[in-house]
Each structure stands twice: as C-alpha cells, then as structure tokens.
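Visitor: Just need the structure, nothing else, for what follows:
(one chain, ligands or ions: 1)
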Amino acid sequence: MTSPLTDNIDTRGVRRGSAFLRLLRRPAGAISFGVLVLVVLVAVFAQWLAPHDPNFVDLSLSRALPSPEHPLGGDTTGRDVLSRLIWGTQITLWGAMLAIVVAVGLGVPAGLAAGYLGGATDRISTWVSDALQSVPGMIILLIVAANSGNSFNILMVTIGVFMAPGYFRLTRSTVLSVRNEAYVDAARVSGLSNTRIMGRHIIRQVYAPIIIQSALTAGMAMGMQAGLQFLGIGGGTTPGWGAMMNEGFRVMRTDPLLLLWPSLALGITIAALAVLGSTLADVISVKTPVLSRSRRRSRSAETATRPANATSTTTGSISHVAVESAVQLENLRVTYATAGGPVEVVHGITLDVAPGEVLGIVGESGSGKSQTVFSLLDLLPKSGSYTADAIWIGGQNVTALGRTERARLLGHEIGYVPQEPMTNLDPSFTIGHQLTEPLRSVHRMSRTEAKARALAMLERVGIANPAAVMRSYPHELSGGMAQRVLIAGAISGKPSVLVADEPTTALDVTVQAEVLELLRELQREYRMALIIVTHNFGVVADICDRVVVMRGGSIEEIGEAAQIFSAPRSEYTRELIAASLDGAESRSELDRLHAAAASSAAGHAAADHAARSAADAATEAELKEVRA
Ligand SMILES: Nc1ncnc2c1ncn2[C@@H]1O[C@H](COP(=O)(O)OP(=O)(O)OP(=O)(O)O)[C@@H](O)[C@H]1O
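Guide: Have a look, this model is predicted:
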C-alpha cells in the first residue's frame, strides 16, 4: 500500500528539479541557457570545430572576404577569422572561469566566517573587503601586467581577487539572515562543530545567490578581459575575443567585419549571461523562515527595559551535590546589550536537577525561562551574555571548559526539544540526513549504524513509516510528526538530560497530549533528567517531580510538584496556578485524553500498545492532513 507520505515523496524529485525546469519554461531562460551551452560546447570542442590553425598565416588570405573555405574571411595578417574566433571562445571562457573560481574561493569562505562567527572575524574581513573595493582596480591590473610579463592567467586571477568582495558581501548577508535560525541552534546543541555547521547547513542557503551572482560576474569578467586585451594587455598566442576586437578596431573603416565578429560573440555571450542570471534570480526564491526566537522576543519586548538592578541577590536553591546532579546552575545572570545600556533579564538564579528527575520551569511570558535554558545550552544570541558561578552538566563544570569541549559535552549529554518543530529542521536536508549527521559526526557511528539508530528512534517515537520519513524533507511533515522527529533526534545520542522548551505550544491539543506522553515515557525508559519549560501548570501536574516558578528573571519558589499545588509558599504561585488552570482549555482536553488512556489500559503492556496505536493513527491522520 502506498502511504500518503510516500505519495508526497514520489513527487519530491520533481520539486527539487523544478527550479531548473521553471527556468527552461521561460523563453528568456531557455534561450540564454541554450546560447551558453552552445558557447561552452564551442570552447570545449574548439580543437575539432576550428577548420584551420588559428595562427597559420596565409598571405593570400589577408583581409579576404568570407568564402566557402573561410566562412568569416581572413584577418589583416592572413589568418582564418572563424578558427581564431572559435579558439578565442576557449580562452575567453577559461579567463572568466579563472576569475570566478578565485572570487568564489576567496569571497565565499570569508563571507561564511564573517557572517557566522561575527566579532573580530567579521570586522577584519569586512575591512579587507572594503579596502579592496576602494583600490583602483585598473591601475593594479596595469602594474600586475607590467610585472608578470603580461601573463593572461595572472591577470585573470587578479580580476578574481577584485571580484571577491562581491561574493563576500553576498555570502555574509545571506549567512546573517540564517545564522539565528532555530535549525542552526539545534545543530549546535547536537554538538556539531562550527566548521561543519558552516560547511553543511549554512552554505546551502548561499548556493542559489552564488550561482546567480556567478552568471553576472562571468559576463563582467569577460568584459574586463576583453577591455584589457583591447588595450593590448594579456593577449596570448591564441587571442581571446578582446584581442581580436583590438585588431578589428584598427582597421574598422576598411574592414568592419573584423571588428563585428568578435564584438558579436562577446556581446551575445555577455547578454546571455546577464539574462540567465536575472531569470534565475526570478525563478529561485531563497526563503528565510521567520525566526521563532525573535518572535518570542518581540512578544516580550515590553519587559526588556526593566531596570538592571531589579534583583541583586541570588535566587533559588539546590537539592543535590553538584557532581551528582544532571544539571546545576549556580548564580546564573543573563544580560542583554540594549540601546539604553546593559539590561539584566535573569538575576542570579540557582537551581539543579537530579538524574532521572523531571524539573518544570514555569512562569508567565518574559519571566526568564527561555533565557535560563538558552544559557545552559549555550544558545544566547550575540547581544546576550551570561555569567554564573558554575554550570554543571553531567558532573562537569562547563564554565571551565573551552568552546569545543563544551560543544562536545552538549552533543553527548544534552538533548534539546524546541518549541517550534518546523523551524528547527533544516529545509535543505532530508530527515534521514539530519538525524544521522550528529550520530556520525559527534558520536562517531558508521553510516549503517547511524541509519539503524535513526530508524529505531523514529519507530520508538511513534512514526508509522520510519523509512519513508527518513527520505522526506521537513516541509513534507506535519507539525506533530516534525516534533516527534526532533524528539527522536534529541534522544538518539542517548543524552543524560533532555531540555524541552515549551515542546507542545506550537501543536494542536490532541497532538500535545501525545507528545507529552511520549516525553514522559522516554524520560522513564532512558532514565534521563528532563527539564521542561512551560507556562502551563497542567503540564507540570502531569509530569514534573519538582517545579521552579520564575518571575521577572528571578526564582519565586522551588518545590516538589505536589507541594507547589497543595501548599504554594508564594501568593504569586497561587495566583499563577489559579490563572493557568482556570483558563486552560488545553488542560481539560489533556485530562480527558489521559482519563481515556488510563481507563483503557488493562496493564502496562496494553497501555504501551494503545499509545503506539494511537500514535500510529495520529501519524496517519497527520499524513492525510498534509496530503490534503
Ligand atoms: N534579545 C533580547 N534583547 C533584550 N531582552 C531580551 C532579549 N531576549 C529576551 N529578552 C528579555 O528577557 C526576558 C526573559 O525572556 P525569556 O525569553 O526568557 O522569557 P520566557 O519566560 O521564556 O517567556 P516566553 O514564555 O514568552 O518565551 C524578557 O524580559 C525579554 O524581554
């Protein structure tokens, strides 16, 4: 039987190739592409296409008009114009290619590093790029020509260097627009190195603009090359079109055809490149999903201006010895640089979670829940910074570790389930790739082992057809399936701590119940510590052992879940519980679902089976919804 997802997947090839097909469907795209293919073929097969040796001089052919044997006639010294034009195609394209390779090779890695790493790397490379652009290129080219014996290749490399800033700026701005995407954060939490994230996830976003830019740059490189050759600089034994134009220009009045042929070849090729570039730009739209975190930030922006000294004492308490805790934060403060100066948004909080314990962090919007876990996961944005007396993860104080060691520890010890599943999956890669990449790169598994683990995890989280989901792309999944995929990814490295940041907020109510149930099951099965950030006391009642109540960046109260509900120490907690449970539609829905699950469960095995069937049914329902 073909599943709805398989139906989706069958069409994937068409979707992926559709940009190229859409290009060809446009007359401008098809014609320009056809012309360029022809030019490239002429360059590649010049040896066989040219009827004569381009440098062979036959004095009787001097300034000869077109004839059957010499369809474009002879030049001033008696060489066959058609053969020179064909060989000129090769040298002209080679020069353009050389310039582009150098420009891409310098500009793209520098732009990636500047955009992704920021700070000094960004400042220095931007300065170099600006400096290059302010240098008068033509003068440098003349100096290079004089000092390199008029070497064509060295001149084209120099042109490439001057074109690198264009690629640098393009890459940098594209990277800046995606570097804060949730899926990049997710890749960091899974322990992938910066080089790998840049080289695999971020560079994908740059491909399309680079291809478009290269089409336009190739035309510019050819124009510059022809300009130089026209001035008599950089012409080789086999001239390019520019050198032919130079010769033709000298006899323009008597033999205009000698100028016409190379000018036509150059003009048509540059025009085709320009049309192809702009049609490609029309066809390929590089979409940047809206940043989930920035949305959250803007929602709570009104509280960002709280005075920095709102609370100066350490808040919270700990129940376990640091080395025996799964996680321990001591005196954590988070500060943001704002236009009005630094603003402290988390005021020295202290908390811990024991192995196998479920800790809920609750509080109203803007209370500092996310900033707390972002500090733990090392995910604060550039404008934010934290200080802490210590952050213990799996018995190690990570504040004493270097960046790489910390990233490695995160990849092994912590799994992260985010709030918005869709934005946390990289749209450019299949689910299979995204699940196996950290297993291979961080956990050093072979391809086969990683695939087997990913399949097993997908099955464990209730995905009905793991093999098909592995082959699919994020846009082919529903929100519930995507969240299950992310949970599978988070637990596939068998972490000792799972951090779930409002994992059900973006899901509809029935899927919320299933995802919570799944998290609870997995936490017990793998004996993980679970830190769950939520504003919903229903969730707290369902799965938490202990609760941290946050308010305005401080901890209002920490206690056992039962105590927090039966005898909250703080009036604020009491009000929060009342407000949360009163207006919580989702809570009643969750209760109904749980009551139904409990009554139908005759025993543990039967309950497992029921949950699995329910998950399968839900998966099928979601697939149908996606297909619809
Ligand atoms: N980039 C930022 N710049 C300045 N202040 C910020 C930034 N991001 C968050 N804040 C502030 O930090 C405080 C805590 O935000 P946080 O995201 O931790 O809240 P939260 O409790 O997780 O709320 P929510 O449930 O809405 O996500 C808020 O006052 C918020 O305005």
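
Visitor: So the closest residue to the ligand within the stretch 51-200 of the chain: helix, strand or coil?
Guide: Ranked by C-beta to the nearest ligand atom, the top residue of the stretch 51-200 of the chain for proximity to the ligand is N180, at 10.0 Å. (Glycine included, C-beta is placed from N, CA and C.) What DSSP: H, G, I helix; E, B strand; the rest coil gives for N180 is coil.

Visitor: Give me the below-cutoff pLDDT ranges for the protein.
Guide: 1-18, 234-238, 284-314, 321-323, 506, 581-628 (pLDDT under 70).

Visitor: pretty sure T350 is in a helix, no?
Guide: No - per three-state DSSP, T350 lies outside any helix segment and is strand.

Visitor: which residues does it contact?
Guide: T314, T315, G316, S317, I318, L329, E330, N331, L332, I555 (C-beta atoms under 8 Å, 6 or more residues apart in numbering).

Visitor: Next: P71.
Guide: For P71, the contacting residues are L82, by C-beta under 8 Å, 6+ apart.

Visitor: Give me the phi and psi angles of it.
Guide: Main-chain torsions, P71, degrees, to the nearest 10: phi -60, psi -30.

Visitor: Next: the one 4 residues further on.
Guide: Reported as degrees, to the nearest 10, the phi and psi values for D75 are phi -90, psi -170.

Visitor: circling back: with neighbour count, secondary structure and distance to A28 added, can I get the contacts of T350 in JSON lines?
Guide: JSON lines is the format used below for these (neighbours: other C-beta atoms under 10 Å; DSSP: H, G, I helix; E, B strand; the rest coil; distance: C-beta to C-beta, whole Å):
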{"residue": "T314", "neighbour count": "17", "secondary structure": "coil", "distance to A28": "66"}
{"residue": "T315", "neighbour count": "22", "secondary structure": "strand", "distance to A28": "64"}
{"residue": "G316", "neighbour count": "21", "secondary structure": "strand", "distance to A28": "64"}
{"residue": "S317", "neighbour count": "14", "secondary structure": "coil", "distance to A28": "69"}
{"residue": "I318", "neighbour count": "16", "secondary structure": "coil", "distance to A28": "67"}
{"residue": "L329", "neighbour count": "26", "secondary structure": "strand", "distance to A28": "59"}
{"residue": "E330", "neighbour count": "20", "secondary structure": "strand", "distance to A28": "63"}
{"residue": "N331", "neighbour count": "17", "secondary structure": "strand", "distance to A28": "63"}
{"residue": "L332", "neighbour count": "26", "secondary structure": "strand", "distance to A28": "57"}
{"residue": "I555", "neighbour count": "25", "secondary structure": "strand", "distance to A28": "62"}
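
Visitor: of all these, which two lie farthest apart?
Guide: S317 and L332 (13.3 Å; C-beta to C-beta).

Visitor: mind checking how far the spatially most central residue of the chain is from the ligand?
Guide: For the chain, the residue nearest the mean C-alpha position is I202 (3.7 Å; C-alpha atoms, centre = their mean). Distance, I202 to the ligand, by C-beta to the nearest ligand atom, to the nearest Å: 21 Å.

Visitor: need the contact list for that residue.
Guide: Contacts of I202 (C-beta under 8 Å, 6+ apart): L112, G115, Y116, V175, V178, R179, V184.

Visitor: So which of those residues sit within helices?
Guide: Those of the contacts of I202 mapping onto helices are L112, G115, Y116, V175, V178, V184, per DSSP state H.

Visitor: my guess is the first one contacts T171, does it?
Guide: Yes - with contact taken as C-beta atoms under 8 Å, L112 and T171 are classed as touching, separated by 5.8 Å.

Visitor: Give me the common contacts of those two.
Guide: V206.

Visitor: And the two? Which one has more around it.
Guide: Using other C-beta atoms under 10 Å, the more surrounded residue of L112 and T171 is T171, with 28 against 23.

Visitor: Excluding covalently adjacent residues, which one is nearest to that one?
Guide: Excluding the flanking residues, the one nearest T171 by C-beta to C-beta, 6 or more residues apart in numbering is G111, at 2.7 Å.

Visitor: And for S173?
Guide: For S173, ignoring the flanking residues on the chain, the nearest one in space by C-beta to C-beta, 6+ apart is G115 at 7.3 Å.

Visitor: What's the local residue count around the one you found?
Guide: 25.

Visitor: Make 44 the starting number, not 1.
Guide: With 44 as the first residue, the last one maps to G158.

Visitor: which residues touch it?
Guide: So G158 contacts D165, T214, R215, S216, T217, V218, L219, R222, I245 (C-beta under 8 Å, 6+ apart).

Visitor: could you redo the last one with a cut-off of 6 Å?
Guide: Contacts for G158 were tallied using C-beta atoms under 6 Å, 6 or more residues apart in numbering; they are R215, V218, L219.

Visitor: Next one: it from V178, what distance?
Guide: 23 Å (C-beta to C-beta, to the nearest Å).

Visitor: try G283
Guide: 25 Å.

Visitor: Looking at these two, which has the bigger crowd around it?
Guide: Neighbour count, other C-beta under 10 Å: between G283 and V178, G283 has more, with 31 against 10.

Visitor: The stretch 544-671 of the chain against the ligand: which residues are in contact?
Guide: With C-beta under 6 Å from any ligand atom as the criterion, the stretch 544-671 of the chain meets the ligand at residues H578.

Visitor: picking that back up, any idea how many residues pack against the residue of the stretch 94-243 of the chain closest to the ligand?
Guide: 15.

Visitor: so S535 touches E502, yeah?
Guide: No - if you go by C-beta atoms under 6 Å, S535 and E502 don't touch, sitting 11.7 Å apart.

Visitor: who's more crowded, those two?
Guide: Per other C-beta under 10 Å, whichever of S535 and E502 has more neighbours is S535, with 24 against 16.

Visitor: how close does the nearest residue to that one once chain neighbours are set aside sit to S216?
Guide: Leaving aside its chain neighbours, S535 sits nearest to M500 (4.5 Å; criterion: C-beta to C-beta, 6+ apart). Distance, M500 to S216, by C-beta to C-beta: 37 Å.

Visitor: These two: which has the busier surroundings?
Guide: M500 (24 against 14).

Visitor: isn't that one right up against G532?
Guide: No - counting by C-beta under 6 Å, M500 sits too far from G532 to count as a contact (7.5 Å).

Visitor: which residues of the stretch 244-393 of the chain fall in helices?
Guide: Along the stretch 244-393 of the chain, counting by DSSP state H, counting those that start in this stretch, helices occupy 246-273, 284-293, 300-326, 335-342.
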